[in-house]
Structures are given as C-alpha cells and as structure tokens.
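Pasting the sequence and the predicted coordinates here, then a few questions.
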Amino acid sequence: MGTKKEVFLVVLVVLGIIASVAGFKYYEGYYEGQHSGERIAVIIQDNRIIERINLDKVEKPRNILISGDYHNLIRVEKGRIRFEKSDCPNQICVHTGWLEKYGDIAVCMPNRVIVEITTD
C-alpha cells in the first residue's frame, strides 16, 4: 500500500468522481421518463469528460480504449454501451453489462472511469 499522501489522493479523486456524478444527476434531472431527448453516453475519467456519444445516432459499432492504471475496452453500439473488457482486478465494470436507458451507469473504480447515459 502507498504512503498516507497517496491514499489521501486516491480517496480525494474517488470523492471527486462521486461528486461529479451527483452533480450531473442533480442539475440535469436524470430520472427515467422525464426526458424526451436523445440518449447521450458520457465517458468520464479522473473527473474529465473523455467523450460524449449520441447512442441514438450510432451507425456502426465501435470500440474505445481507455488507458490509465488499467485498460478498459468500451463497446458502443446503436442504443447501448458497455465495458467490454478490462484488466482491472474484479471486473465489476464488465459484469455490469449493457447500459441502455437514462440514468444507467457503470464504473471502473480502479481506473477511475465512469460511463453514464444522460440526455442532450
């Protein structure tokens, strides 16, 4: 395990990610059925938006590789997104499966990556 400063920094980053997700949900009102807009998948790593994808307009399936402490392979298809593969220890992000509706979220805590479906 790392020094106290390293542990504090990791905890601070995780709390930042959680605060970001809570902020998105509060300000944009992510409750299923409230939005008639298009479904937007937002990929966030270390509290920064990596990519926004309009799932309703995806024409061809594609993969997105996210690097960091670990590697995540994210699969995007029309109307859905998921963590396809990851080399993180527990694979919880992969086992979450497909995200398809507003408010769906999957997180790879070891790589500090969040995938969430929001609206435009």
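Happy to help now that I have it. All figures in this text were calculated on a predicted structure; none of them were measured in a lab. Residues are numbered from 1 along each chain as shown.

List of residues touching the longest helix seen in the chain?
For the chain, the helix with the greatest residue count under DSSP state H is helix 4-28. For helix 4-28, the surrounding residues in contact (Cβ atoms under 8 Å, 6 or more residues apart in numbering) are 1-2, 30, 42, 44, 46-47, 103, 105, 107, 109, 112, 114, 116, 118-119. To be clear about C-beta, it is placed using only N, CA and C from the backbone, and glycine gets the same treatment.

Please list only the buried members of those.
If you count burial by 16 or more other Cβ atoms under 10 Å, the buried members of the contacts of helix 4-28 come out as 30, 42, 44, 103, 105, 107, 112, 114, 116, 118.

Where strands are concerned, which of those residues count?
Cross-referencing the buried ones among the contacts of helix 4-28 against strands under DSSP state E gives 42, 44, 105, 107, 114, 116, 118.

With respect to pLDDT, which of those ranks lowest?
Of all these, residue 118 has the smallest pLDDT value, namely 91.

Residue 119 pairs with what?
Beta-bridge partners recorded for residue 119 (DSSP bridges): residue 39.

for the chain, what helix or strand is lowest in average pLDDT?
The weakest-scoring helix or strand in the chain, judged by mean pLDDT, DSSP states H and E, is helix 4-28 (a mean of 76).

any idea how far that one is from the chain center?
How far helix 4-28 lies from its chain's middle: 13 Å, per Cα atoms, centre = their mean, to the nearest Å.

Could you do stretch 68-88 as well?
So, by Cα atoms, centre = their mean, the centroid of stretch 68-88 is 9 Å from its chain's centroid.

before we move on, what about stretch 109-118?
So, by Cα atoms, centre = their mean, the centroid of stretch 109-118 is 3 Å from its chain's centroid.

Compute the first-to-last residue distance for stretch 69-78.
Stretch 69-78 has an end-to-end distance of 29 Å (Cα to Cα, to the nearest Å).

In it, which of the residues would be classed as buried?
70, 72, 74, 76.

name the element the third one belongs to?
Yep, that's residue 74 we're talking about. In the assignment (DSSP states H and E), residue 74 maps to strand 72-77.
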